[in-house]
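**Q** This is a predicted model, with the sequence first.
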Amino acid sequence: MYTVTEAGVLKRVESWSVMLPLKDNDGNAFAKATVDEVLQQILLSYPGFSITNTLGYWKGADQTFIDQNYQVLIDAVPDTKSDSSVFFGKLKQSLQQTLKQEKIYLTKQGAKEELLSFAEFFAEIGVEISGKESIVEAERYAQALASNYAFVQQRLGYETVLVRRDSMMGTIVWERRLCGLILRSEFKDSLPPDIQLIAADQYDRLGAALDASEPFVLIGSYEFLMYSLDRTNPRSLVESCVLRQTEFPNPYTRSPTGELLDVVRFVEQYTASVFVNCLILREEGFLPRELTLNVGSDGSMQRASNGSRSIVMTCAATIPEKAVQVEVIRCLGAILDKNEKSLLDPIAVAQAKAKNAYFLKRSIVRHTMREKYES
């Protein structure tokens, strides 16, 4: 995916072109909301695209037709485990149904390479460098990170080894370990002297701080580090393939962040949020047989109990249809089974954790369990 050179980092991308008709077969313009919804659907999966107005000519049996279109150009990152053609194949089928078109012209325009500066590369993969490094040092860092890119994605972050004030220099020093490198950041300390500093990956300290009344400052961004979502082809933990979208309203609902979702995307995203809660409970020492969960019209509840300790977590949602509840349960069963067998795509897991506040939730659960059973 990345090739490091003396001048910067070359990033491989592939371009896709979607011809989006602006009028129906009778020459009537589609509503602006219909076109905007299609573009929003693309934007939910890819960070951006370019649009040009085009005219298309094609010869029918009795006449020549002239079509007005948007040509939507999207750059996607090549990924051997999650082919972007899967997304665009589904998009083509969806457009054919929504716009009632026999054919949607979709092409893959081949691979190209984008030249990134070292600073752009570090920003893209979510790594903060102090800016004091020489070109030689920046290239060395880039070589180490690019060669371990899959590991960087799977970890979705770093391990804080030090965060403290340097009173003599008037700075805050933050050091993290990533791929065998120690990354160091220093920034001006303009905070009150008695305020607590907590690195975002220190969930033991974060849970206690959230429960206390004293103010604190969060240093860095761990689960909030969204580069894996923004720069990598989106992946699902499981594919929902039982429900027929035409049997439900489209859009079906909105995500917690306001995204419009059809019923299939809702099931895939909702099961990911429930899975993250189950993952937290497993990592807090509960066995699979000690976990129970239910799914109903108001969402899901996950309970863990081993006789001496217990805790309940919830994922609220409005799911009035029995068929959707059953599909959520089916998908959750498949995900949890694959997780126990270590068969889940690690990037999909990392994306689910990032999007569902894994570290924040784990901080709260860890603190709650300690307060309840160890105090």
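**A** Yep, it's here.

**Q** CA only for contacts and neighbour counts going forward, please
**A** Fine.

**Q** Helix, strand, or coil at S240?
**A** Here S240 is coil, with the state taken from DSSP: H, G, I helix; E, B strand; the rest coil.

**Q** give me the element the closest residue to it other than its chain neighbours is part of.
**A** Nearest residue to S240, sequence neighbours excluded (CA to CA, 6 or more residues apart in numbering): V264, at 5.9 Å. Using DSSP states H and E, V264 falls within helix 263-283.

**Q** just how off-centre is that helix within its chain?
**A** Centroid displacement of helix 263-283 relative to its chain, using CA atoms, centre = their mean, to the nearest Å, is 13 Å.

**Q** Kindly report the same for stretch 240-255.
**A** For stretch 240-255 - counting by CA atoms, centre = their mean - the centre lies 21 Å from the chain centre.

**Q** Can you mark which positions in it are buried?
**A** 240, 253 (16 or more other CA atoms under 10 Å).

**Q** Contacts for that stretch, please.
**A** For stretch 240-255, contacts defined as CA atoms under 8 Å, 6 or more residues apart in numbering pick out 260-264, 266-268, 323-324, 327, 331.

**Q** related to what we said a few turns ago, ok, then the element right after the helix holding V264?
**A** strand 291-296.

**Q** hmm, who's touching that following strand?
**A** Under CA under 8 Å, 6+ apart, the answer for strand 291-296 is 278, 300-305, 319-320, 325, 328-329.

**Q** follow-up on the earlier one: mind putting the contacts of stretch 240-255 in a markdown table, neighbour count and distance to N25 included?
**A** Shown next, in a markdown table, are the contacts of stretch 240-255 (neighbours: other CA atoms under 10 Å; distance: CA to CA, whole Å):
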| residue | neighbour count | distance to N25 |
| --- | --- | --- |
| L260 | 19 | 27 |
| L261 | 18 | 27 |
| D262 | 18 | 25 |
| V263 | 22 | 27 |
| V264 | 21 | 28 |
| F266 | 20 | 31 |
| V267 | 23 | 33 |
| E268 | 20 | 33 |
| A323 | 12 | 35 |
| V324 | 21 | 34 |
| E327 | 19 | 36 |
| C331 | 23 | 38 |
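
**Q** ok, so of these, who is nearest D62?
**A** D262 (38.7 Å; CA to CA).

**Q** residue contacts, the closest one?
**A** Counting by CA under 8 Å, 6+ apart, D262 has contacts 245, 249-253.

**Q** if I pick R164, what's in contact with it?
**A** R164 neighbours (CA under 8 Å, 6+ apart): 172-174, 197.

**Q** quick one: strands adjacent to the helix or strand where it lies?
**A** Assigned by DSSP H and E, R164 belongs to strand 159-166. Looking at strand 159-166 with DSSP bridges, its partner strands are strand 171-178 (antiparallel).

**Q** Tell me which residues are up against the partner strand.
**A** Contacts for strand 171-178 (CA under 8 Å, 6+ apart): 152, 157-166, 182-189.

**Q** repeat that with 10 Å
**A** With contacts defined as CA atoms under 10 Å, 6 or more residues apart in numbering, strand 171-178 is touched by 127-128, 144-145, 148, 151-152, 155, 157-166, 181-191, 197, 199, 219-220.

**Q** Give me the buried stretch members for stretch 17-37, please.
**A** Judged by neighbour count using 16+ other CA under 10 Å, the buried positions of stretch 17-37 are 17-22, 35.

**Q** how about the CA coordinates for it, as CSV?
**A** C-alpha atoms of stretch 17-37 as CSV (Å, rounded to 0.1, in the frame of the first residue of the first chain):
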residue,chain,number,x,y,z
SER,A,17,-16.2,5.9,-11.8
VAL,A,18,-19.9,5.8,-11.4
MET,A,19,-22.2,7.4,-13.9
LEU,A,20,-25.2,8.7,-11.9
PRO,A,21,-28.2,9.6,-14.1
LEU,A,22,-30.0,12.8,-13.2
LYS,A,23,-33.2,12.0,-15.1
ASP,A,24,-35.5,9.0,-15.3
ASN,A,25,-36.3,7.0,-18.5
ASP,A,26,-39.1,9.5,-19.3
GLY,A,27,-36.7,12.5,-19.1
ASN,A,28,-38.0,13.7,-15.7
ALA,A,29,-35.3,15.0,-13.3
PHE,A,30,-34.8,13.0,-10.1
ALA,A,31,-35.5,14.9,-6.9
LYS,A,32,-32.4,16.6,-5.4
ALA,A,33,-33.0,14.6,-2.2
THR,A,34,-32.8,11.3,-4.2
VAL,A,35,-29.4,12.3,-5.8
ASP,A,36,-28.1,13.7,-2.5
GLU,A,37,-29.0,10.4,-0.7
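
**Q** show me where this protein has helices.
**A** Assigned by DSSP state H, the helices in the chain fall at 32-45, 84-98, 118-124, 135-147, 149-155, 203-211, 227-231, 263-283, 322-340, 346-355, 358-373.
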